[in-house]
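**Student:** with the sequence up front, the predicted model follows.
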Amino acid sequence: MSTIPQPTQPSQLEPTANITTLQNPSTETQLFGGACLANIPPHFMDVSDIREIPDNQEVFADPNTDQSIIVEILELVAEASDPASIVSFHFSSVAFDNDAENHSTLQQSGLLNPNDFPNLPSDTSMFFASGQQLVAKFNERDPNARNLVNIFLAVIRLPQHSTDIVITYNIPILIGSTSSSRLTAREGNVHVGFEEFKAFLKSFRIVDWGLFGS
C-alpha cells in the first residue's frame, strides 16, 4: 500500500501556494453527535448551522473560497469490491450528486496505508482518489456558471458494519464567468487544500462504533 500521492494539476491551474494557511491550528470537532472526531480548519464553518443536512452527512465549508469537506456514512457498495471500482463508484456518485456526470474526470486512485489514517485499526481497508468536475452552484443552468472543482476523495470500508465512509474535500480552482460564486468567493489553492485534506484524514477517528449498528 502507498501513501497519498501528490496532486497533479496543469501548471496554469495551480494557484500560488500560501503555506501560512497551514500554520493556523485546526479545531477538533465532533461528528455525528460525537461518535467521530476530526480536526476542521478554522476557516471552515459547520453548514448545518445555516441549512438542514442529512443525518448521514457532516458538511463544513469555507465561505471565502466555497471549499468544502463532506463526510458521508453510506451503505457498503457490494458490487464494487476492488480498489479501482470502489473509488470509481463513489467518485461517480459525487458527480451524479453534483449534476456533473458528463463533466467529470478521475485522475488518480490507489490504496491508503495506516499512516494516512493512524487512528483507525491498521487492517482497515482505505482508498484514495482525486479528479476534477465541472459543478454549477445552486443548479445554475448557464454553462458558463460551472466551476472547475478539484476533488480529493477517501473511502474507509467497514465490511463488518456494511458501511463505506466517504470523505471528500472539494476545491473550486476556476470559477465560471457567470457563477454566483464569482461575487462572493475566490478560487481555492490545491496545494494548501491537499495538506488540509491529509491533516483531516490523520485526525479522523471513530470513538463510538455503535454509530454503525451491530
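**Tutor:** Yep, it's here.
**Student:** mind checking the end-to-end distance for stretch 150-164?
**Tutor:** 22 Å (C-alpha to C-alpha, to the nearest Å).
**Student:** kindly report the same for stretch 110-126.
**Tutor:** 9 Å.
**Student:** which parts of that stretch are buried?
**Tutor:** Using 16 or more other C-beta atoms under 10 Å as the test for burial, stretch 110-126 gives 110, 112, 116-117, 120, 126. From N, CA and C alone the C-beta is placed, and that goes for glycine too.
**Student:** which one of the residues you listed is nearest to Phe194?
**Tutor:** Phe194 lies nearest to Asp116 out of those, by C-beta to C-beta, at 12.6 Å.
**Student:** next, the distance between the ends of stretch 72-86.
**Tutor:** Stretch 72-86: ends 15 Å apart by C-alpha to C-alpha.
**Student:** identify the residues contacting it?
**Tutor:** 32, 56-57, 88-90, 109-111, 127, 155, 157-159, 161-168, 211-212 (C-beta atoms under 8 Å, 6 or more residues apart in numbering).
**Student:** circling back: which of the buried residues of stretch 110-126 sit farthest apart?
**Tutor:** Greatest spacing in the buried residues of stretch 110-126, by C-beta to C-beta: Gly110 and Leu120 (17.1 Å).
**Student:** ranges for the helices of the protein?
**Tutor:** 83-97, 181-184, 190-203 (DSSP state H).
**Student:** just the buried positions in the last one, please.
**Tutor:** Applying a neighbour-count criterion of 16+ other C-beta under 10 Å, one finds 190-201, 203 buried in helix 190-203.
**Student:** likewise the first one?
**Tutor:** Within helix 83-97, the residues scored as buried using 16+ other C-beta under 10 Å are 83, 86-88, 90-91, 94-95.
**Student:** for these, could you give me JSON lines that also reports pLDDT?
**Tutor:** Listed next are the buried residues of helix 83-97 as JSON lines, based on pLDDT from 0 to 100:
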{"residue": "Pro83", "pLDDT": "92"}
{"residue": "Ile86", "pLDDT": "96"}
{"residue": "Val87", "pLDDT": "95"}
{"residue": "Ser88", "pLDDT": "95"}
{"residue": "His90", "pLDDT": "97"}
{"residue": "Phe91", "pLDDT": "96"}
{"residue": "Val94", "pLDDT": "95"}
{"residue": "Ala95", "pLDDT": "93"}
